[in-house]
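1. sequence-free structure coming up:
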């Protein structure tokens, strides 16, 4: 943890950050990206490496993986950025019509103004209508929706609301393992502590109620658990929760007086027909009274997973069974809730896509369905190929954009990793990268059951690239097993 | 302060926000905007109001006031949002060339990806070169620059770094009065307390060293002051600090072991030829050793004031004399530093504008200079007209986008306001708005010396609108004085 220290020679290091601060720094988010970039740099400069191509298979960034944002969103955003394009012949008439409607709602007719009213009124209402359609008609109140700059900072804001820094015990936020580093980081930045709970690998990475209750019991010794974070569809696990499992979670949340923080950002990526995404809000509502009107829930949605891309910084969260006055906090505090207006324009379009009668509809629909189709194809191929590979085991992948297969590492490799001061899975990924250029995310970046090793593999790659990666990976792993046996 | 409370009937209100929490909620940011919107709504619905037009004169949002973002920035952003426009005939060749260069630096060739490297490398380097030009060649290190989503959340992050929540006394952040609510809000959200210090109205709202030292002495009883926040050019005061004044502040900061937090977001709006903007970094550097290499400074820049607009969410801050490892925090914590990439594209263009040889240069330069010229014209007219008005007194306005004249309110008006439970300046602004449709910001939104009353008046209005507003305001104020005398 770094410090802003005051000028040398003084006795009072006034501005020094206290290393024992409750706000624990989360783990670095992008170490592998940095490594991959470094290798790319070396390759460009002609260094002699055994591989000649870097294939990044670790990231959940769909656009970086070559999947462009939906054309319709691009077009309308471009017109809004430069409204003179309303008169350009190169733009389709229906996108111009749509952009014209949006610009009428923007102050000064431009996404350059802060446009607080556009966000809190126009966009929030369209989000509410979208959620009602998604949830089979269950009502959604625009006043309970907060459009925001994506999930990361919004989660910090939400957790901050339940943290009491003067309480004798720190506030606990239960986060799944494996899971992205984001949730533990958000808990730390909000002044809470992350309490990891294990997902059940043998049940396809489902949430295991008994394990969760045990973690809760143990956590109460050192903190005050107030928030349960659930990721559905799971990341990096690819598990989509069943209704039964969600009902169990909701009952647990009610019994234990927790706030349910539902990271549902991968909802557009539930690609398996037999495993549809169900929102926690819908399942809760359909459980009826008293739970439906009492269990407190915050659900997160992100534009980055499905329609647009993370670089546009747009998403929202919905508050369920939470006093509407809380919502006012987000606007009057006003920090994370001034999002990029062009991002909000794209969010509005994702919430109210072109109609089947619109000329832009066929391409829009094809691009949108294409993502799910490609993810489903890639998930199937990962399981087919890795299912035949000795020493690799992959649970079913039902949604999301990653597979998280378990890999066997021989004792001599573990020993070698220890000598190098590396996690064994990091050692494996480094060796793979050096030898083949394939960059995977080591399981330890997400957390994993002790004594097991995993790799995070992106499903966003083009199908033919994925085939090459799977071939390279299985061959390399076999050779790795051999050379360290 | 609102709360997320757990289901009724339980003894343990687990998730309740502690009202005595150190993180104090800042004052609402937009009350007048809401009122103006409400009036506009009423007018649309044909209610009988004595005014027929709402003129919003309170906001610093240049785009909302009708001043469009620079065309060159709009064009390049539009092409980056929809790269097919690279082949469109309706776009100027040099903007297409520029967009092509930018897209080459973006992952997946799109602003839809997270593009961390683009921000931390490409953009940071261009910012550094821009700062070197601005500061007469004083070196700027790209590794000390953090491109971000605008100033608000970035300030919270910076202040968070110096807050020690376990210390016996809270951390103090000195904020100027009058000033925007932002800085006190950021201090509160970071877990610190705001310590207001008065600016010297009779000296054109300059920073008064002796008053500052006195506030510091008194503050030490209840907190540990670590940060001095200075706004230059001043907002809402319009004061531009002299070199002498800045040197005095730097010496005070060194003696008192403070971190200097320089809000220099209005720097593109220093419009008076005799009062040029000087950065704190430059003045500090030119003071030489030992101060130049020891005083710690964080300086904020925003795209919203000059080139673009707040809705694009782009800015940066530069760290001076601060351990570079601190910078790493912002990226590994990674919360507020994932900005909108289209905003960063615009920031890059602001930092490296078209060259005089580029076809887009003349229009770009004219739009950029036009803002300063119009602000200078409006500032002069405000002083001319209000200088003649009995009971109104306006200090010289040298920069920024607001004037902050003092208005005399008669005792009977003060009494009437007390009866209504309103601040006297709020009462005046409400009466003005009801009678004329002119919406001003009451001085109490920014803070003001006790027993004095001010109004915040935007200089971003078109010249002819401003003339009408000045006429309306002086007539109404004269009538107000009369009717309450």
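-> Thanks, I have it. Quantities reported herein were computed from a predicted structural model and do not represent experimental measurements.
2. check contacts around the residue positioned nearest the centre of chain A.
-> The residue lying closest to the centre of chain A (CA atoms, centre = their mean) is residue A:265, at 5.8 Å. Contact partners of residue A:265, counting by CB atoms under 8 Å, 6 or more residues apart in numbering or on different chains, are A:151, A:300-302, A:304-305, A:315. Where C-beta positions appear, they are placed from N, C-alpha and C, glycine not excepted.
3. next SSE downstream of the helix or strand of chain A with the lowest mean pLDDT?
-> Lowest on mean pLDDT, DSSP states H and E among the helices and strands of chain A sits helix A:31-44, with a mean of 44. Where DSSP states H and E defines the elements, the next helix or strand beyond helix A:31-44 is strand A:55-56.
4. circling back to that earlier point, helix or strand: which one has the residue nearest to the centre of chain A?
-> Counting by DSSP H and E, residue A:265 is part of no helix or strand.
5. which pLDDT value belongs to it?
-> Looking at residue A:265, its pLDDT reads 96.
6. how close does it sit to residue A:274?
-> For residue A:265, the distance to residue A:274 equals 22 Å [CB to CB, to the nearest Å].
7. what does residue A:342 give?
-> According to CB to CB, residue A:342 and residue A:274 sit 37 Å apart.
8. and for residue A:446?
-> According to CB to CB, residue A:446 and residue A:274 sit 26 Å apart.
9. so these two - more neighbours on which side?
-> residue A:446 (20 against 6; other CB atoms under 10 Å in any protein chain shown).
10. isn't the more buried one up against residue A:236?
-> Yes: counting by CB atoms under 8 Å, residue A:446 touches residue A:236, with 5.3 Å between them.
11. shared neighbours, these two?
-> Joint contacts of residue A:446 and residue A:236 (CB under 8 Å, 6+ apart) are A:178-180, A:404, A:456.
12. for those residues, which one is nearest residue B:439?
-> When the shared contacts of residue A:446 and residue A:236 are ranked by distance to residue B:439 (CB to CB), residue A:180 comes first, at 44.9 Å.
13. and the closest residue to the closest one other than its chain neighbours, how many neighbours does it have?
-> Of all residues not flanking residue A:180 in the chain, residue A:235 sits nearest, at 5.7 Å (CB to CB, 6 or more residues apart in numbering or on different chains). The number of residues packed near residue A:235 is 26, by other CB under 10 Å.
14. who touches stretch A:268-283?
-> With contacts defined as CB under 8 Å, 6+ apart, stretch A:268-283 is touched by A:131, A:134-136, A:138, A:230, A:232-233, A:240-243, A:246-247, A:249-250, A:260, A:262, A:264, A:267, A:297, A:299, A:305-307, A:318, A:320, A:371-373, A:375-376, A:379, A:398-401.
15. run through the helices of the stretch 301-450 of chain A in chain order.
-> If DSSP state H, counting those that start in this stretch is used as the criterion, the helices of the stretch 301-450 of chain A fall at A:324-333, A:341-351, A:361-387, A:411-420, A:424-436.
16. give me the buried entries from the contacts of stretch A:268-283.
-> Buried by 16 or more other CB atoms under 10 Å in any protein chain shown: A:131, A:134-135, A:138, A:230, A:232-233, A:240-241, A:246-247, A:249-250, A:260, A:262, A:264, A:267, A:297, A:299, A:305-307, A:318, A:320, A:371-372, A:375-376, A:379, A:398-401, out of the contacts of stretch A:268-283.
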